[in-house]
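Trainee: next comes the sequence, and after it the predicted model I'd like to discuss.
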Amino acid sequence: MTPFSYHKPASLDEAVSLAGPSSRFIAGGTNLVDLMKENVERPEHLIDITGLALKAIEETPEGGVMIGALVSNADLAWHPLVEARYPLLAQAILAGASPQLRNMASTGGNLLQRTRCYYFYDTGTPCNKREPGSGCPARQGLNRMHAILGASDDCVATHPSDMCVALAALAAVVHVHGPAGARQIPFADFHRLPGDTPQRDNQLAQDELITGIELPAEPFAAHCRYIKVRDRASYAFALVSVAAALQIEKGVIREARLALGGVAHKPWRDPAVEALLQGKPASTELFTHAADALLQAAKPLAQNGFKVSLARNAIIRALSEACAADNSLGEMQ
Amino acid sequence: MNSVVGTPMDRVDGAAKVTGQARYAADYPQEGLLHASVVSSTIARGRVVKVNSEKALQVPGVVAVLDHTNRPHVSSYDDDYSDDDAAEGSPFRPLFNDRVLYSSQPLALVIADTLELARYAGSLVTIEYSQQAHQSDLLAALQQTHEAPAETPEPRGDFAGHFAGADAKVDVTYLTANEHHNPMEPHASTVCYQADGSLVIHDKTQGTQNCQEYLHNIFGLPKDKLRVKAAFVGGAFGSGLRPQYQLPLAVMAALHLKRSVRLTLTRQQMFTFGYRPRTQQRLRLGVDKRGALVAIGHDAIGQTSRFEDFTEHLVEWSGMLYQCDNVALSYRLAPLDVYTPLDMRAPGAGSGVLALECAMDELASAAGLDPVELRKRNFASHNGNEGKPYSSKELLACYEQGAERFGWARRQATPGSMRDGNQRIGWGMAGGVWEAMQMKASAKASLDSTGHLTVSSATTDIGTGTYTVMTQIAADAAGIDVGKVTFKLGDSSLPTAPLQGGSFTVSSVGSAVRQACLTLRERLIERARQQRPDLASEADTAFTLENGQVKAGKHSVPLAELLAVDPQQCLEVQVEANPDDKRKPYSTATHSAVFVEVQVDDDLGTVRVTRVVSAVAAGRVVNPKTARSQILGGVVWGVGMALHEESQTDHALGRILNHNLAEYHVPVNADIGDIDVIFVEEDDRVVNALGSKGVGEIGVVGVAAAVANAIYHATGKRVREFPITLDKLI
């Protein structure tokens, strides 16, 4: 671990003013400290934001919910407003990590998790995300966990978060604060595809800080399902995950949301595929059609071809179970 | 006095462990302790051109950077680097010269005032290489194999002829994965440099004397200047059978600086030494019309390093578990640019019986027989490899009791015929076998005038319960209340003990403890009779030691009086126990039958092991509680071998890459369903005086095969490449 200075600002403006090219904000530290120990991240300054007043979960005037960036993953998953209105989010959070990690990890930090690509984590190997221009051994190497959608020649990594897949499906809005003031970023635009700059995971500027996540008022509480498929029953990253949310009236889908995790550099969502589902009676055929449409552009690598059929089956399962669900928390996968 | 052997006594060290009083190798505070950190190679084969350590040395608090050019003098001879569990060949010599033999090989050692500084400075060390082409893929090296230097049993009968003529047969090939031990406690050595230049070393090891001898040989230090301790070991599973490189590196640093030094390996570095080797195994089995095995062929290829030929008992099991007159076994090795494999819990049997027992399941299908029935029909009361009868083998009772508990009779034979919603249900089973060995071992028993018995041996307790079971054995043999017995271990200065491995600690050290305590009791009784003629006519069994009085019948004598003649008023007996000659005409082994239920998701391929019944025949069980824990742990290991564990290598880099516990998957609690352990009664008067065979390995053996067979029963798919991850099922 590279030696670093430590600051604990008392205000948002102070926090942002301390930020620079060699600094990192730290909250729960569940990912950053690991990466520092492995010398993947080498910040010279740590800005501890846990003293900031960003720990509330509040109803918005529009009927949505505003989640402070420092709310722990555990508190978020078990919050009555989230359980009642956004069970999809609760399911996704509880499918990730372990109780200990969820107690420590912050909501804002969850968005900033870095990929679990083996090469990114091992400084003894090249990695374009860690050292731009050094190469991507995963493309020809161990890529069973890697992307089937939206990857580039330079990077085939996936985003590891479960929570973000639900937030993408729920069309959350990321509130950020920087030297120029506050701005909002639609969730779909927050994370980015790797292209030729895989070192950048998202649109956040170096000196911007996530202050909160806003969930709009939504009609999906009754029919939603998060399915995570992984190599063991708990404490493993998704091979494929699916967040499915439906509004159903008299057997007809009024509105649909569908997002995939574990398949791309960001949670994967395609409004055109969601439009396919809308206005049609729910059926396995329809769900299969949607799954095929979402995966049409899939380009699997040597070891992850199974993800295409796995994702297809998981989408059909998630949509079917969302359809059949009531508004209580389902059994966790 | 009631026997405590056979009772489920709580661990005597349990309280110390759960309250943090038990210190592990890296837990010993030491004045002025320095911390070391290893810098590892990023290439798999070649030479070091230069180690650039200037930047590291400029960091305040960094004391030294050692590499092959400036390390203290060490021996160059292969023999000096050998040890009690060494493979044939040239053992790895850390920092010896500029040769890079595998990726992640230790090439430099940074020593600093704190661990953080040492690791940071390590990140500043750069190494220039001259790289050579490497090969790390067993499947790419199958044409470059040689015969394993193992005592593989000679062929018997006419395998080829009988296989050709068999009424039902299978010819199937299995692949098993490289697996690392991953004990919770990483390997660590705290070297305490004493004022007289001697070293007291707390090491993570399964053999303190093995480490002492190793250090003596490579550094030329006299043994009385080297004391190696391992009071507590946080799991080892074989990883501590050989001295690992952190030990000589920490000693190098201590000798170079004349300071105390600690070196703890990182989790990533726990993947840079021995492991269970990847294998390819071809099984050819044939039966006649009655379902009797007429031919068994087992041809295995295992990977090894370029510098040592690691062998394990991989194929022997196929010649001894079942009755068959026509058997051909072969075992070859493929050398690769990797580290040498190492014994790992049930070494050889873990992989070899996996292949055999999967093939037996395939054979049962081919012959149209129930898998249990096929095995019963081929029960062997003799070990065909050795031509000797088993001293005991209650395997038929394992099949019967296990099947009964599991409800095997309700199994529908057709694969895919049992389901629950979108979950297919499968029931599978397999048999297990492990040798019941005994090694030479010593123990000392010492009784003080307060009536407290201290028994010691240089063995270790790798979490198996050695402290506890030895305390029980000692209490029974000496006839002393178990609360007045202390067992000491984990110190090279104690009476000689073998490595703790192979499930032979109870058999070997337990026999020594028993003999020492029996002898001590005899001497005490003899003295009591001499001192008090009124005790002379009492039978041996009448004597008790309570409240500082030796009693028999109506008479008693104070213990202090009997011990007045001894130095420090302590009666001491030290014995060396050897395997009894009566073992020689017999084969000795533990056996098991494992029954498994799985649920396999139709669409997602996920597998859940919902139920396991493991019926074990291992002779007399010294402590049903710790023994059950051994079997539970073994079953979890078997589930991991079947479904999860694989050290994944990027062969282009020759480097293991899932080197952390997030990506190297072992089962988590949520992966484990009900585990039911049955200890089948087995009376064995041959194996040793305790009648106990040891249970450290048998719990693993057969489990992975039973899981694979259950998956076949659920899905109709035979997956022959382990681990069976979900991508192989969708």
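Mentor: Here it is on my side, so go on.
Trainee: gap between the host helix or strand of B:A708 and the chain center?
Mentor: Under the criterion DSSP states H and E, the helix or strand holding B:A708 is helix B:703-715. When distances are taken as CA atoms, centre = their mean, to the nearest Å, helix B:703-715 is centred 25 Å away from the chain's centroid.
Trainee: pLDDT averaged over that helix - what is it?
Mentor: Across helix B:703-715, the average pLDDT comes to 98.
Trainee: for stretch A:132-148, same thing?
Mentor: Per-residue scores along stretch A:132-148 average to 98.
Trainee: please look at B:S647 and B:T272 and confirm they touch.
Mentor: No: assessed by CB atoms under 8 Å, B:S647 is found out of contact with B:T272, at 10.7 Å. The way it works is simple: take the backbone N, C-alpha and C, and place the C-beta from them, glycine included.
Trainee: between these two, which is the more surrounded one?
Mentor: Legend: neighbour count by other CB atoms under 10 Å in any protein chain shown for B:S647 and B:T272, higher for B:T272 (25 against 18).
Trainee: quick one: secondary structure of the spatially closest residue to that one that is not a sequence neighbour?
Mentor: Spatial nearest neighbour of B:T272, excluding adjacent residues (CB to CB, 6 or more residues apart in numbering or on different chains): B:S104 at 4.1 Å. Assigned with DSSP: H, G, I helix; E, B strand; the rest coil, B:S104 falls in the coil class.
Trainee: off-centre distance for the longest helix seen in chain A?
Mentor: The single longest helix within chain A, with elements called by DSSP state H, is helix A:306-324. Helix A:306-324 sits 18 Å away from the centroid of its parent chain (CA atoms, centre = their mean).
Trainee: buried residues, that helix. List them.
Mentor: For helix A:306-324, a neighbour-count test (16 or more other CB atoms under 10 Å in any protein chain shown) marks A:306-323 as buried.
Trainee: got it, and stretch B:170-177?
Mentor: Residues B:170, B:172, B:174, B:176-177 are the ones in stretch B:170-177 that count as buried (16+ other CB under 10 Å).
Trainee: low-confidence ranges in chain B?
Mentor: Residue ranges of chain B with pLDDT under 70: B:1.
Trainee: mind giving me the domain ranges of it?
Mentor: Domains of chain B are assigned by automatic domain parsing as B:25-133+B:184-236+B:240-271, B:344-437+B:585-728, B:439-578.
Trainee: most tightly surrounded among those?
Mentor: Of the domains of chain B, the one with the most neighbours on average (mean count of other CB atoms under 10 Å in any protein chain shown) is domain B:344-437+B:585-728, at a mean of 22.
Trainee: centre of the chain to that one, how far?
Mentor: In terms of CA atoms, centre = their mean, the centre of domain B:344-437+B:585-728 is found 17 Å from the chain centre.
Trainee: right, is it up against chain A?
Mentor: Yes: contact of domain B:344-437+B:585-728 with chain A (CB under 8 Å from any CB of the partner chain) involves B:422, B:603-606, B:608, B:643-644, B:648, B:650, B:652-653, B:655, B:657-660, B:662-663, B:665, B:667-671, B:725-727.
Trainee: okay, and which of these map to helices?
Mentor: Those of these lying in helices (DSSP H): B:L643.
Trainee: who touches both of B:S647 and B:T272?
Mentor: With contacts defined as CB atoms under 8 Å, 6 or more residues apart in numbering or on different chains, the residues shared by B:S647 and B:T272 are B:I656.
Trainee: how about B:S123, phi and psi?
Mentor: For B:S123, the backbone dihedrals (degrees, to the nearest 10) come out as phi -70, psi -10.
Trainee: can you tell me how far it sits from A:R116?
Mentor: Distance, B:S123 to A:R116, using CB to CB, to the nearest Å: 21 Å.
Trainee: now B:E546
Mentor: For B:E546 relative to A:R116 (CB to CB), the value is 62 Å.
Trainee: excluding sequence neighbours, find me the nearest residue to residue 97.
Mentor: Just going to use chain A. A:A105 (6.7 Å).
Trainee: that's the wrong chain, I wanted chain B
Mentor: Spatial nearest neighbour of B:N97, excluding adjacent residues (CB to CB, 6+ apart): B:H68 at 5.3 Å.
Trainee: and the one you found, its phi and psi?
Mentor: Here is the backbone geometry of B:H68 (degrees, to the nearest 10): phi -70, psi -10.
Trainee: so stretch A:6-22, near chain B or not?
Mentor: No: Stretch A:6-22 stays clear of chain B (CB under 8 Å from any CB), getting no nearer than 13.5 Å.
Trainee: show residues contacting stretch A:168-175.
Mentor: Contacts of stretch A:168-175 (CB under 8 Å, 6+ apart): A:66, A:86, A:88-89, A:111, A:182-188, A:190, A:210-216, A:218, A:220, A:243-245, A:257-259, A:266-269.
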